[in-house]
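Asks: starting from these lines, generate the structure:
(one chain, ligands or ions: 1)
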Amino acid sequence: MAIPEMIEWTRRIGYKPSDFNKLNIIHVTGTKGKGSTCAFTQSILSQYSNKINKIGLYTSPHLKSVRERIRINGQPIAEELFTKYFFEVWDNLSSTESNASKFPQMDKGMKPAYFKYLTLLSFHVFVKEGVDTAIYEVGVGGEYDSTNIIESPTVTGVTALGIDHTFMLGNTIDEIAWNKGGIYKHGSKAFSVNQPIDALKVLQNRALEKDEILTIIDESLAKDYELGISGDFQRQNAALAIALTNEHLKKLNVEIDEFKTIKGLKETFWPGRCQTIKKNNITYYIDGAHTKESVDASSNWYKSITFDKHPQTRVLLFNQQTRDATALVSRLYNQINPIKFDHVIFTTNVTWSSGNYSVDLISINTSKDAVDKLQVQTELSNEWNKLDSNSKRYVLHDIESSINLIESLSAKYGEIEVFVCGSLHLVGGFLVVLDGDKN
Ligand SMILES: Nc1ncnc2c1ncn2[C@@H]1O[C@H](COP(=O)(O)OP(=O)(O)OP(=O)(O)O)[C@@H](O)[C@H]1O
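Replies: Modelled structure (predicted):
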């Protein structure tokens with residue numbers, strides 16, 4: 001019922017899905033690289049400002065502020081606009097009659113859950129603000145995702161597939177591919193990067209169901225270009241972005257200009273993914289990887305850019321609160337080998353030492369009890385002890401305390417390098433504390 005319900009919510013805020021065709025939507029899913037691909041796409045298209053007036057970008061999750069999820073021309077929408085449109089949606093949902101015979105479970109006045117609400121809000125914002133190109137990142141999967149009420153995207157793309165969200169999408173790569181391939185649409189060219197053979201067959205069939213022939217992009221498309229997001233694997237995401245933007249521009253009858261592609265790729269900024277920040281004597285290498293494949297990718301990135309450096313001290317700051325954290329951390333250890341960490345810090349995603357989360361980062365998915373008992377962090381520390389008993393291990397309650405510890409290590413040892421990894425929630429809180437955003 002996910003899609004019929006989403007269409008019903010849409011009706012209650014005053015729209016039909018076909019109203020969103022004028023947004024000229026590029027729809028993107030995948031397991032890894034969706035957000036980066038969308039960011040490259042946005043940045044390339046922003047070079048055509050004489051032809052494309054306003055570009056909307058809908059992505060998830062956010063790092064520091066929920067407004068990052070709904071961007072116009074690359075910028076998170078302002079607080080005032082967010083508030084205004086949020087309550088317009090809210091009031092419409094409160095007042096519009098329900099379609100009780102068809103949706104008895106959706107009483108008048110009910111509100112959809114978080115992601116659905118934000119998706120509705122994004123459509124409303126983009127229509128009201130006169131967006132003429134919109135890029136939509138799927139939340140989870142594709143077929144039943146709330147973004148999949150989009151009827152006529154200009155083009156669709158599937159990034160690298162892997163195993164994640166199995167409770168919703170299935171345990172095998174075929175089932176996952178089936179869900180993701182649900183965004184392909186009749187009349188919209190279907191793209192993907194190269195995938196494991198089983199997944200590829202499923203994607204091909206899913207495209208055929210919509211009378212489209214799947215195009216596997218040439219992954220060398222971006223090989224000679226400078227990319228604004230670091231990491232070798234980003235070449236694959238950038239190549240997909242080139243294919244998507246070229247097709248989109250064709251549909252809009254805009255001439256493709258390779259120089260704009262090159263400039264757009266170079267200027268792409270997407271924080272929290274293979275990002276380096278230098279602060280005094282501390283260099284932070286930050287990546288929100290949290291699945292097997294992405295932990296491999298980001299560990300290799302860290303290794304490749306720091307292997308030849310010989311800092312006084314290396315530190316790992318890690319958390320993963322809900323997935324198989326110990327398996328991920330041992331994977332990270334094996335990938336990074338022979339680099340060794342002198343200090344290893346396991347923290348929760350709680351932002352401040354007071355026990356508070358930054359307001360936009362409050363998580364109701366994490367059991368408070370597990371956080372209070374530092375259960376996951378203690379398990380991680382025990383696991384690390386088996387992997388490398390020479391590292392000094394710390395189990396800390398929150399991100400602020402972890403950064404304080406890192407700063408005290410730097411005061412003692414001088415030049416230090418810190419790899420921050422395991423969770424985008426950790427990275428979000430980390431950036432809030434590092435930037436001193438007290439909220
Ligand atoms: N093509 C890729 N292959 C492998 N790993 C990747 C790839 N692209 C991104 N990653 C990894 O996934 C992490 C998240 O990247 P990104 O935000 O682009 O992906 P996403 O699909 O939006 O993921 P999520 O939904 O988890 O946010 C990156 O930090 C990186 O570690």
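Asks: need the residues of the chain near the ligand, please.
Replies: Taking CB under 6 Å from any ligand atom as the criterion, the chain approaches the ligand at residues 30, 32-36, 160, 233, 236-237, 273, 287-289, 293-294, 297-298, 424. C-beta here means a position set from N, CA and C on the backbone, and glycine is covered the same way.
Asks: could you pull out the strands for the stretch 101-250 of the chain?
Replies: Assigned by DSSP state E, counting those that start in this stretch, the stretch 101-250 of the chain shows strands spanning 133-137, 155-158, 189-192, 215-216.
Asks: just checking, what packs against the last one?
Replies: Okay, so that is strand 215-216. Applying 3 or more CB pairs under 8 Å, 6 or more residues apart in numbering; DSSP states H and E, one finds that strand 215-216 makes contact with strand 189-192.
Asks: quick one: strands adjacent to the strand it packs on?
Replies: The pairing partners recorded for strand 189-192 under DSSP bridges are strand 155-158 (parallel), strand 215-216 (parallel).
Asks: just the CA trace of it, in PDB.
Replies: The C-alpha trace of strand 189-192 is given here as PDB (Å, rounded to 0.1, in the frame of the first residue of the first chain):
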ATOM      1  CA  LYS A 189      16.000   6.100 -20.300                       C
ATOM      2  CA  ALA A 190      17.200   3.600 -17.700                       C
ATOM      3  CA  PHE A 191      20.900   3.700 -16.600                       C
ATOM      4  CA  SER A 192      23.100   1.700 -14.300                       C
END
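Asks: touching it from outside, list them.
Replies: 155-159, 184, 200, 203, 206-207, 210, 212-217, 240, 243-244, 247 (CB atoms under 8 Å, 6 or more residues apart in numbering).
Asks: show me the shaky parts of the stretch 51-200 of the chain.
Replies: 163-167, 169-171 (pLDDT under 70).
Asks: could you pull out the helices in it for me?
Replies: For the stretch 51-200 of the chain, the helices defined by DSSP state H, counting those that start in this stretch cover 79-95, 114-128, 166-169, 173-180, 197-209.
Asks: picking that back up, buried ones among the contacts of strand 189-192?
Replies: Using 16 or more other CB atoms under 10 Å as the burial test, the contacts of strand 189-192 include 155-159, 184, 200, 203, 206-207, 210, 212, 214, 217, 240, 243-244, 247 as buried.
Asks: for residue 208, which non-adjacent residue is spatially closest?
Replies: Nearest residue to residue 208 in three dimensions, chain neighbours excluded: residue 214, at 7.8 Å (CB to CB, 6 or more residues apart in numbering).
Asks: residue 399 too?
Replies: Using CB to CB, 6+ apart, the nearest residue to residue 399 is residue 429, at 4.4 Å.
Asks: any idea of the mean pLDDT in the helix or strand containing the one you found?
Replies: Element membership for residue 429, per DSSP states H and E: helix 424-434. Mean per-residue pLDDT for helix 424-434: 95.
Asks: what's it packed up against?
Replies: Applying 3+ CB pairs under 8 Å, 6+ apart, one finds that helix 424-434 makes contact with strand 282-286, strand 313-318, helix 399-413, strand 416-421.
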